[in-house]
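In: Need coordinates for the below:
(3 chains)
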Amino acid sequence: MGGYGDVKLLNDDGTRLDGRAIDEMRPVEIRAGVLPAADGSAYVKHGLNEAIVAVYGPMEAHPRRIQLQDQAVLDVRYNMAPFSTSDRIRPGFNRRSREISKVTAEALASVVLVERYPRSKIRVEIEILSAEAGTRCVGITAAAVALADAGIPMRDLIVGVAAGKVEDTVVLDLDKAEDNYGQADLPMGIMPATGEIAFMQMDGDLSMDELNTAIEYCFKGAADIYELQKAALKDRYDGGVSQ
Amino acid sequence: MSTQTVPQLLRQQLAILAESDQRIDGRGRWEMRDIDLEVGCLYNAEGSAKVTWGDTVIYAGVKFEIRTPYDDRPAQGSLMCGSELRPVAHRKYDPGPPSPESIELGRVVDRGIRESGCIDMANLCIVPGEKVWMVVLDIHVLSDGGNLFDAAGLAAIAALRNATVPAARFDVGEDYQLPVSLTPIMTTFTRVGGRLVYDANEEEELGGDERVSVTLGDTGAMHSMQKGLKGTFTPPELAEILDVAAEHCKNLRELVDSKVN
Amino acid sequence: MSNLEVGAEQRLVIPGESIGDCAGKNLGSGVASTNNGTIATRLGYLKENNGTIYVVPINAAYMPRSGDLIVGIVEAVQSNLWFLDVNGPFNALLPMSLAPWKVEFGDARNHMDVGEAVLARVQEVDECHNLVCTMKGVGLRKISEGHVASVSIQHLPMVKEILGDLKIAADCRIIVGDNGRVWVDGGAEGIRLAVNTLNSISKTGHIDGAKALLEATIVGGVA
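Out: Numbering: from 1, shown residues only, chains lettered A, B, ... in the order given. Coordinates of the predicted model:
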């Protein structure tokens, strides 16, 4: 977290620079089934972030050395498109995207019933098209919808959502300025039906009380996004009934 | 790219359909699938386009970088065009370094744009001999439902025509529209069931043979051609598809014109 | 309870969604009992039949079961066996001892080569997805004419329901594999009609009333 103190991130009336309340999320839009070639797919727009996820499988895990004899492997790739940020990113894997891919795979493996598909793999391809703080969370929200859309058995969805601290105040869902100049960032992957946490990272400076508030905000945000995830899946298939 | 088995029955069926001049999805020999073009759809790109072409979905995004010019062209900007066929696009694409297929796609699109001279490179000079703009065009394939070349070519030129040079952000003057004076369009023909057809879909590509791509400029001149995949064709066949290409290029150019200002 | 009634309006559920009180009922596929009550584990429609609650999934990969009739495509040949792509996660093994011909060792390719299609049955499948197919049985053979179309697994019951009408309308021989591949053999027009119908089932089969719509398509197609 960058130089705090010197950048003003809250207005005098307690709202944030973009006018949001401290516990208010950016607008979120979710659609399921957006890529014809994939077995399952989803699009999520969260603020100015945009992510598309394709799911393929289950299929035989190749090469053989990655096979697990009692469960499926989740082969997750998080990738930022070269034009997704203000300075172009060179295509290809880097340390950041590898780490995010790894922890995202482990989070998704906590909800997918992987034991149903020994020796298989399920490919989850997360492509970030536009980035404006919080892309790993947007990727997780989209991945959960795409997995469900592909018919993969799961015990819950996951919602990616973040809270943080700016000007000594805990806020929900950091935007770019708050992410750059704030004091803490806490991205979480929340299982909305069971209330468990499948993904968590944090950097910055938080007290125990602030952490509790941040977690409370994350759960509140997750509940809202969950409704949109459900609606996206149900709209895709129930949408036709009324026609 | 992992190899896909070509079902013999598919090739046989495509040949039977060709005898009565039919196609597997009911289209005519020179008929195009439904397409949709959106421009300016990516927040962080200086120019962008999304093409949905049948079951194919492709994004193109334009970014700018400041570079020192080439010695032989000290007052000219430059263009770099890349594409990546990432595993998101189809189950047949593997992760790893760019495959020959993805490099070919990027280079063919690049040549069509570069050779048409549609971008005024002199207009991309900031300080002669020191600083010029490099236009970086990235093609991002999200769903491969066949005929990636034409969809990528369309997304590329639409994104360029939508692009703004971000001079203010780099502190080198005011933003201005990227000067793109022409609209080169690519058309691709694939041998399916023994004869060339326009705009092959995924099944036709799987059970088909060689492909021939042609990029035509506004005046009808050819700016790039590429023959790919196993198979051969004859000069009269080339003449025939060039006639068809001219008609499609005209229509697609009008589509681009209607979406960008 | 009331929303689980048989024949009542279909309820679409998503993974993790609670499906209410299921006391005294058997839990079928796509349904699981957890600390948080009984939940759906797949996206699909909740159904109840003979006291068993289950989810009919909207999208599903083909999972072979022994006895399934399948349309396979030869992916690789070795001197004494074939590998078949059966539209599932794993390839199946077809040993030469289960082929309909007397095959000499090293002669497998001369009987059947890569890319050829077969009508076969799943002989056995184990927990780890090891899969063996047989071509010994009535009607099982190599397919050398017609077209192999695809239909999504979850729409197979619907395809089977309209199969009789479709055969008449298209004037084709049609064999529906349990693996979502459908072999259609007949005239070019008939194959087109059948393939179009199967494609539209895959695209719109999850919508109520699709069957009525399809019947109209079939009739329209012949007229």
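In: can you count the residues close to residue B:179?
Out: Counted by other Cβ atoms under 10 Å in any protein chain shown, the residues lying close to residue B:179 total 15. The C-beta positions use only the backbone N, C-alpha and C, and glycine is treated the same way.
In: what's the answer for the one 10 residues further on, then?
Out: When counting by other Cβ under 10 Å, one arrives at 28 neighbours for residue B:189.
In: got it, and residue C:110?
Out: Residue C:110: 11 neighbours (other Cβ under 10 Å).
In: so where does it fall, helix or strand?
Out: Applying DSSP states H and E as the criterion places residue C:110 in helix C:108-111.
In: helices and strands around that helix, which ones?
Out: Helices and strands touching helix C:108-111, by 3 or more Cβ pairs under 8 Å, 6 or more residues apart in numbering or on different chains; DSSP states H and E: there are none.
In: Show me how far it is from its chain's centre.
Out: The chain centre lies 28 Å from the centre of helix C:108-111; the measure is Cα atoms, centre = their mean, to the nearest Å.
In: Sheet-wise, list the partners of the helix or strand just after it with their directions.
Out: The helix or strand immediately downstream of helix C:108-111 is strand C:117-125, counting by DSSP H and E. With DSSP bridges as the test, strand C:117-125 is paired with strand C:69-77 (antiparallel), strand C:131-134 (antiparallel), strand C:141-143 (antiparallel).
In: list the buried ones in strand C:117-125?
Out: C:117, C:118, C:119, C:120, C:121, C:122, C:123, C:125 (16 or more other Cβ atoms under 10 Å in any protein chain shown).
In: Please name the bridge partners of the last one.
Out: I take that to be residue C:125. Residues in beta-bridge contact with residue C:125 (DSSP bridges): residue C:131.
In: for the fifth one, same thing?
Out: Partner residues in beta bridges with residue C:121, using DSSP bridges, are residue C:69, residue C:134.
In: who's in contact with it?
Out: Contacts for residue C:121 (Cβ atoms under 8 Å, 6 or more residues apart in numbering or on different chains) come out as C:67, C:68, C:69, C:70, C:133, C:134, C:135, C:137, C:140.
In: same question, the fourth one
Out: Contact analysis of residue C:120 by Cβ under 8 Å, 6+ apart lists C:69, C:70, C:71, C:72, C:84, C:92, C:94, C:133, C:134, C:135, C:140.
In: that older thread, may I have the helix holding residue C:110 as CSV, with CA atoms only?
Out: Listed next in CSV are the C-alpha coordinates belonging to helix C:108-111 (Å, rounded to 0.1, in the frame of the first residue of the first chain):
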residue,chain,number,x,y,z
ALA,C,108,-5.8,-53.5,-36.5
ARG,C,109,-5.3,-50.5,-38.8
ASN,C,110,-6.4,-52.4,-41.9
HIS,C,111,-9.8,-53.1,-40.2
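In: what is the mean pLDDT for that helix?
Out: Average pLDDT, helix C:108-111: 91.
In: Can you give me the buried ones in that helix?
Out: C:108, C:111.
In: distance of the closest residue to residue A:159 other than its chain neighbours from chain B?
Out: Leaving aside its sequence neighbours, residue A:159 sits nearest to residue A:222 (Cβ to Cβ, 6 or more residues apart in numbering or on different chains; 4.1 Å). Residue A:222 sits 24 Å away from chain B, going by Cβ to the nearest Cβ, to the nearest Å.
In: Kindly report the same for residue A:217.
Out: Taking Cβ to the nearest Cβ, one finds residue A:217 at 25 Å from chain B.
In: got the end-to-end distance for stretch B:72-91?
Out: End-to-end distance of stretch B:72-91 (Cα to Cα, to the nearest Å): 44 Å.
In: And chain A, is it touching that?
Out: Yes: using Cβ under 8 Å from any Cβ of the partner chain, stretch B:72-91 reaches chain A at B:82, B:84, B:86, B:87, B:88, B:89, B:90, B:91.
In: Take those and write them to TSV, including pLDDT.
Out: Converted to TSV, the residues of stretch B:72-91 next to chain A look like this (pLDDT from 0 to 100):
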residue	pLDDT
B:82	93
B:84	86
B:86	93
B:87	96
B:88	97
B:89	97
B:90	97
B:91	94
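In: how about stretch C:127-136: buried residues?
Out: C:129, C:131, C:132, C:133, C:134, C:135.
In: who's in contact with the first one?
Out: Applying Cβ under 8 Å, 6+ apart, one finds that residue C:129 lies in contact with A:60, A:117, A:118, A:119, A:120, C:88, C:89, C:90.
In: Now the two most distant members of those.
Out: A:118 and C:88 (13.6 Å; Cβ to Cβ).
In: Name the residue in those two with the higher neighbour count.
Out: Neighbours per residue, other Cβ under 10 Å: of residue A:118 and residue C:88, the larger number sits with residue C:88, 26 against 18.
In: Assumed that one was part of a strand.
Out: No: with DSSP: H, G, I helix; E, B strand; the rest coil as the criterion, residue C:88 is assigned coil and is not in a strand.
In: circling back to that earlier point, reformat the buried residues of stretch C:127-136 into JSON lines and put distance to residue A:205 next to each item.
Out: What follows is the buried residues of stretch C:127-136, written out as JSON lines (distance: Cβ to Cβ, whole Å):
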{"residue": "C:129", "distance to residue A:205": "49"}
{"residue": "C:131", "distance to residue A:205": "55"}
{"residue": "C:132", "distance to residue A:205": "61"}
{"residue": "C:133", "distance to residue A:205": "62"}
{"residue": "C:134", "distance to residue A:205": "66"}
{"residue": "C:135", "distance to residue A:205": "69"}
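In: Now flag whichever of those is closest to residue A:146.
Out: residue C:129 (23.2 Å).
In: Which one of the residues of stretch B:72-91 next to chain A is nearest to residue A:30?
Out: residue B:88 (17.9 Å).
In: residues touching the nearest residue to that closest one once chain neighbours are set aside, list them.
Out: Leaving aside its sequence neighbours, residue B:88 sits nearest to residue A:125 (Cβ to Cβ, 6+ apart; 3.7 Å). By Cβ under 8 Å, 6+ apart, the residues touching residue A:125 are A:53, A:54, A:55, A:56, A:77, A:79, B:86, B:87, B:88.
In: again, but for residue C:142
Out: Applying Cβ under 8 Å, 6+ apart, the residues near residue C:142 are C:111, C:112, C:116, C:117, C:118, C:119, C:135.
In: Up against chain A, what does the stretch 1-150 of chain B have?
Out: So the stretch 1-150 of chain B meets chain A at B:42-45, B:48, B:55-57, B:59, B:61-63, B:65, B:82, B:84, B:86-91, B:95, B:97-98, B:136, B:138, B:140, B:142-145 (Cβ under 8 Å from any Cβ).
In: Low-confidence ranges, chain B, go.
Out: B:1 (pLDDT under 70).
In: make it 80
Out: B:1-3, B:261 (pLDDT under 80).
In: center of it - which residue?
Out: residue B:153 (1.8 Å; Cα atoms, centre = their mean).
In: which helices and strands does the strand or helix carrying that one pack with?
Out: Element membership of residue B:153 [criterion: DSSP H and E] is helix B:148-161. Judged by 3+ Cβ pairs under 8 Å, 6+ apart, the packing partners of helix B:148-161 are strand B:35-39, strand B:47-53, strand B:56-67, helix B:100-116, strand B:131-143, strand B:185-192, strand B:211-216, helix B:235-259.
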